[in-house]
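**Q** Provided below are the primary sequence and the corresponding predicted coordinates.
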Amino acid sequence: MKEYVLGNGAIALGALASGVNLVAGYPGTPSSEIIETVSKYPHDGVHLEWSVNEKAALEVAAAAAYSGARALVTMKQVGLNVASDPLMSLAYVGVKGGLVVVSADDPGPISSQTEQDTRRFADFCRIPVFDPSTPEEAYEMIRDAFEYSEKYHTPVLLRPTTRVCHAYASVEVPDEYRPKEYEGFVKDSNKWVIFPRLSYINHGIIEERNVKIGQDFSKYRFNTVTGNATKAVVTSGVSFTYVKECIGDRRDVRLIRVATAFPLPEDFMGDALDNVSEVLCIEELSPYIEEQILKVAGRKNLNIKVYGKLDGYVPHNGEMSTELVSEILGKYLKTDLKRPGIDISDMPKLPLRPPVLCAGCPHRASFYAVKKAMAGQKAYFCGDIGCYTLGNAMPLDMVDTCLCMGAGITMAQGFAHTSDAVCFAFVGDSTFFASGMTGVVNAVYNEADMILCVLDNSTTAMTGHQPHPGTGRNMMGNIVDKIDIAGVLHGIGVKSVVTVDPLDLDESVRAVKEAAGLKGVKAIIFKSPCIAIAKPQGKCRVDTDKCINCKKCIKEIGCPALVTSEGRVMIDVNLCTGCGLCSQICPVSAIGTGGVK
Amino acid sequence: MNKDILICGVGGQGTVLASKIIAASASAEGESIHSAETIGMAQRGGSVTSHVRIGKDAYSPLIPYGNADLLLAFEPAEAVRNLKYLSSDGVAIVNTAATKPVTESLNDTGYDGSKMVEYIKKKCICIFVDSDEVCRPFGSSKFFNIVILGIAAGSGRLGLSSEILLKQIEKRVPGAYVEINKKAFLAGYDIGRASVNE
């Protein structure tokens, strides 16, 4: 049967079709929909979980694979950094059942901290990587990845990018899915316990094996050559589709596509580059294939001119597009590949539209309370990864740092030890569980003076509202005990833990002021559900007779529902959720709450 | 049929549903279909686009500049931002009701979309509609995503019949909202038809 699905959905259905027994991961754009898709299709006999973080997910999956089961682990590229400790060791130990790690890269970056390249990680770990160009290919490749994983007893990476993950296409899927039957764990400490001696032996075996995989990949159906011109373009991933848009049926260029960057299919590359005098490398993120071509050319003594990122012909940063490729390729082929369109060179200035916290978002209220309480005092605000990173935008301007998951908590400590500022860390509930808790232990143990603000909206909002340990639901569809953040903090030894409703401005400001007067680690849990999952409270209304049009509401909190119309402050009723924060700010009580349900 | 349709707007306006209904309808007609969505941070009030590509000649998930047959714009500035995608003989269906970004409200630069509308008029074949006005009978401009589908269908530029689109609307909106969405579609359809006669 045909299914019209996202690239991520195709990966999920491909894994189910491969008989996957266990799926684990941590949400992260652009990878989150893989696990969500599995949950929406029949998957009897498959263990499915949002793990607490990527490292946990991979370790859970590793044991399943030791048992002979097939396991899928999903994450975004920066998640792979978190999972790199187990992945690196697992590469040495190997697996029995197939284990595929999907690490979704994000050229641009569109929703990420880095423009790192998972193909480099594959090389670093010495494990194979598959690089699909389309959702259809992703469906095929995840199945191939499981086959290779079991054939060569190694974890395998699948590296889609945002444009593949978030593109929809039709894939032909089986009518029903059946998980693989597997043997179970067979104890063998010489095999499953990593010791220096084992690593030494396996290192040698892995390098010999990778030569074989490279030979296998040389016959792989998605490594392709079209045409026989002496000018070539080498490409991979979604860039392949952009190149095809530009080339059409031109015959003056040879098109080489490398879908398996590591281990490099060297025989394939040798044949593909036969009689080529010039090659242009079009790839996103790092110049990985470009470097491999230089290596192959060096070893095989090929006289080829190589154009790409390393000589500045292609930009290092940002994603590719049909337009960018047509420009680069046009220069390379000395022709104009641009398509005619509408001339927009005289375009009027467009309003900027940076992403903002939603109207009614409780994070806005939390940030505003801290801002009010700390007015006039020296304070540092360490942010973290999630919707609340958007607290950096004007007029809130409440995020001074953001580094990586969980870093806000530990960075606040570093500032506390080296400054006289009041140091705050803001962390969301999901991030708290993912990588915040150990940071709090560090703060208590090392006697940091800091205020931890947990912005608890009872969901993982940024990535699409996934459940987490604090929500009381898991991906097996079960209602489970909620892990209580206040209880965790008490257990760690945080002496002052208070929970407030951020939409009660006075109470929240008071709580922050009190915490600022105490020594040691203090925690304030700002608890209010994400407005995307909670029922709206009604609508706020501006009483135009009372309003003095000072615009304090707009200037202080920057809520998208507060707008001006013909110079007057208005509330956009389509956006307002009736949170009432603006009504608590208005100096003349001109904004009423709960007017219209 | 080879047809590229770009849908653009602001996160939260319901562009994704419109894209899904077009894709599902084209697929039900037996067409080869690809689409791509903005997912992630931009959904929080940022600029969003959906690229719908019908036909076998589409390789890239994104429509190349100058290739779209139809631009469905939920916001006038977003229409201008994405005009580069439209082919020189393409049609733009544009909501004239501006969505002011927070940055505009803060600085009060007076952005109201009118300059954008004037610009679009000079650049391409276009159909304008005010979402506030057309959605008034339905009580919320959230129905505009279905209205604009109706306009596109009525104008004959979508290449999909209203029967097949209505069937997909029925499948994809919650039961209690099916009737009102059908009305919204038909209201749009009439506007689209009228635009052909003008």
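**A** Nice, I can see it.

**Q** contacts for stretch A:454-461, please.
**A** A:27, A:50, A:362-363, A:366, A:386-388, A:426-430, A:432, A:436, A:465-468, A:470-471, A:485, A:502, A:523-530, A:532-533 (C-beta atoms under 8 Å, 6 or more residues apart in numbering or on different chains). Where you see a C-beta, it was placed from the backbone N, CA and C, and this is true even at glycine.

**Q** if we go to 6 Å?
**A** Taking contacts as C-beta atoms under 6 Å, 6 or more residues apart in numbering or on different chains, the residues outside stretch A:454-461 that touch it are A:27, A:362-363, A:366, A:387-388, A:426-430, A:432, A:465-466, A:468, A:471, A:485, A:525-527, A:529-530, A:533.

**Q** just the buried subset of those, written out for PyMOL, thanks.
**A** The command below creates a PyMOL selection of those among those that count as buried (16 or more other C-beta atoms under 10 Å in any protein chain shown):
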select buried, chain A and resi 27+362+363+366+387+388+426+427+428+429+430+432+465+466+468+471+485+525+526+527+530
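
**Q** where helices are concerned, which of the contacts of stretch A:454-461 count?
**A** Among these, the residues falling in helices (DSSP state H) are A:362-363, A:366, A:429-430, A:485.

**Q** dump those to TSV, plus pLDDT and distance to A:Tyr177.
**A** Putting the ones in helices among the contacts of stretch A:454-461 into TSV (pLDDT from 0 to 100; distance: C-beta to C-beta, whole Å) gives the following:
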residue	pLDDT	distance to A:Tyr177
A:Pro362	97	40
A:His363	97	39
A:Ser366	98	43
A:Asp429	96	33
A:Ser430	96	29
A:Ile485	98	37
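
**Q** looking at those residues, which is nearest chain B?
**A** Ranked by distance to chain B (C-beta to the nearest C-beta), the ones in helices among the contacts of stretch A:454-461 are led by A:His363 at 10.9 Å.

**Q** the closest one contacts A:Tyr388, correct?
**A** Yes. The pair A:His363 and A:Tyr388 qualifies as a contact (C-beta atoms under 6 Å) at a distance of 4.6 Å.

**Q** got phi/psi on the closest residue to A:Thr230 other than its chain neighbours?
**A** Nearest-residue entry for A:Thr230: A:Ser277, 4.6 Å, with adjacent residues in sequence omitted and distances by C-beta to C-beta, 6 or more residues apart in numbering or on different chains. Backbone torsions for A:Ser277, taken as degrees, to the nearest 10, come to phi -100, psi -30.

**Q** how far does the lowest-mean-pLDDT helix or strand in chain B sit from the chain's center?
**A** The weakest-scoring helix or strand in chain B, judged by mean pLDDT, DSSP states H and E, is helix B:102-107 (a mean of 75). In terms of C-alpha atoms, centre = their mean, to the nearest Å, the gap separating the centre of helix B:102-107 from the centre of its chain is 25 Å.

**Q** other residues contacting that helix?
**A** A:351-352, A:356, A:554, A:558, A:560, A:563-564, B:111.

**Q** closest to A:Gly312 among the residues you listed?
**A** Using C-beta to C-beta, A:Leu352 comes nearest to A:Gly312 of those, at 30.0 Å.

**Q** now that closest one: which helix or strand?
**A** Assigning secondary structure by DSSP states H and E places A:Leu352 outside every helix and strand.

**Q** one more: A:Thr74?
**A** Assigned by DSSP H and E, A:Thr74 belongs to strand A:71-76.

**Q** what lies in contact with that strand?
**A** Residues lying outside strand A:71-76 but in contact with it, judged by C-beta under 6 Å, 6+ apart, are A:15, A:20, A:22-26, A:28, A:31, A:34-35, A:54, A:57-58, A:61, A:64-65, A:99-104.

**Q** can you flag which of those residues belong to strands?
**A** Using DSSP state E, the members of the contacts of strand A:71-76 that fall in strands are A:22-25, A:99-104.

**Q** dump those residues to a markdown table, plus neighbour count, pLDDT and distance to B:Gly188.
**A** As requested, these are arranged in a markdown table below (neighbours: other C-beta atoms under 10 Å in any protein chain shown; pLDDT from 0 to 100; distance: C-beta to C-beta, whole Å):
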| residue | neighbour count | pLDDT | distance to B:Gly188 |
| --- | --- | --- | --- |
| A:Leu22 | 23 | 98 | 47 |
| A:Val23 | 30 | 98 | 41 |
| A:Ala24 | 24 | 98 | 45 |
| A:Gly25 | 32 | 98 | 40 |
| A:Leu99 | 30 | 98 | 50 |
| A:Val100 | 31 | 98 | 45 |
| A:Val101 | 33 | 98 | 46 |
| A:Val102 | 31 | 98 | 40 |
| A:Ser103 | 29 | 98 | 43 |
| A:Ala104 | 30 | 98 | 37 |
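
**Q** ok, those residues vs A:Val512, which is closest?
**A** Closest approach to A:Val512 among the ones in strands among the contacts of strand A:71-76 (C-beta to C-beta): A:Gly25, at 35.3 Å.

**Q** any idea how far A:Thr459 is from A:Arg473?
**A** When distance is defined by C-beta to C-beta, to the nearest Å, A:Arg473 is 10 Å away from A:Thr459.

**Q** out of those two, which sits in the busier spot?
**A** Neighbours were tallied for A:Arg473 and for A:Thr459 using other C-beta atoms under 10 Å in any protein chain shown; the higher tally belongs to A:Thr459 (23 against 14).

**Q** quick check: that one vs chain B, distance?
**A** Applying C-beta to the nearest C-beta, to the nearest Å, one obtains 14 Å for the distance of A:Thr459 from chain B.

**Q** that'll do, ta.
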